[in-house]
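Chemist: with the sequence up front, the predicted model follows.
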Amino acid sequence: MTSIRNSKSLPRPVSPAVTDDAVLRACYDCVLDFGVSRVTMADIARRAGVSRMTLYRHHTDLPTLFTTVLREELTFLLATIEADLPAKLNARTSTAQAVAAVTKAVAMHPLMRRVLDVDPESLLPLMVDRLGSTQRMAREHLAGTIAAGMSSRGGDGSVRDGDPDLFAFTLTMTAQSFVFSERIVQEIDPRAFDELQQLVLGYLAPVGSAS
């Protein structure tokens, strides 16, 4: 398969793990060029400059390889956004800001937009059947930040007491609806991404809290 675009002109991945790995970067570029359904492992091996045998030795199949790329990109986005948050925020505020910022960043990420434009059906199982590994990772991380705000778990008391795993699952489902519906949000009112922060603040607020 011949690329329809010069890979040097493509939006670069944000994660150094993807940027600096020939195979992961080749997968990233191939998906941006063609979408998921039209890419083969042979295409990726050829672009990465490795043999198919070498590629399969480290990556079982295309879905697994693409998931690795997405996970690296999401992990780096999350770490970068959280590192930029003010240090003195309580757990509820920092969680709300991170959820809103990460959701918007993922929704606007070139890979996600490309998949939604070309292969939206590939995301259907993640919407109706199961959580993917990146969704599970986000949920587990979110549960930890939520628990840090619960007084019953030794936190700062900024989050109402309850099951942090349930809270994280609820917020993950909410956030992914914004990601998968990015085009609708952009068409109707992009400010909805900012309103997501207020939604999270209200959802996590301690019972009887005025804010």
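Modeler: All right, it came through fine. Numbers count the residues shown, from 1 in each chain.
Chemist: domain ranges for the protein, per the record?
Modeler: Listed by automatic domain parsing, the domain ranges of the chain are 12-62, 85-204.
Chemist: nearest approach to V69 belongs to which of those?
Modeler: domain 12-62 (5.2 Å; Cβ to Cβ). (Glycine included, C-beta is placed from N, CA and C.)
Chemist: chain center to the closest one: distance?
Modeler: 19 Å (Cα atoms, centre = their mean, to the nearest Å).
Chemist: lowest mean pLDDT across the domains of the chain, which one is that?
Modeler: Per-stretch mean pLDDT for the domains of the chain is lowest at domain 85-204 (a mean of 89).
Chemist: relative to the whole chain's centre, how far out is that one?
Modeler: Between the centre of domain 85-204 and the centre of its host chain there is 9 Å, according to Cα atoms, centre = their mean.
Chemist: what packs against the lengthiest helix in the chain?
Modeler: Longest helix in the chain, counting residues (DSSP state H): helix 62-83. If contacts are counted by 3 or more Cβ pairs under 8 Å, 6 or more residues apart in numbering; DSSP states H and E, helix 62-83 sits against helix 16-19, helix 22-34, helix 41-48, helix 91-108, helix 110-118, helix 133-147.
Chemist: from Q176, how far off is the most centrally placed residue in the chain?
Modeler: Centroid check for the chain by Cα atoms, centre = their mean gives L74 as the closest residue, at 4.3 Å. According to Cβ to Cβ, to the nearest Å, L74 and Q176 sit 12 Å apart.
Chemist: same question for N90.
Modeler: N90 is 25 Å from Q176, by Cβ to Cβ.
Chemist: before we move on, what about K104?
Modeler: From K104 to Q176 the distance is 13 Å (Cβ to Cβ).
Chemist: what's the answer for T93, then?
Modeler: 22 Å.
Chemist: and if you look at A87?
Modeler: Computed as Cβ to Cβ, the A87 to Q176 distance reads 28 Å.
Chemist: okay, these two: which has more neighbours?
Modeler: Set A87 next to Q176 and count neighbours by other Cβ atoms under 10 Å: Q176 wins out with 21 against 6.
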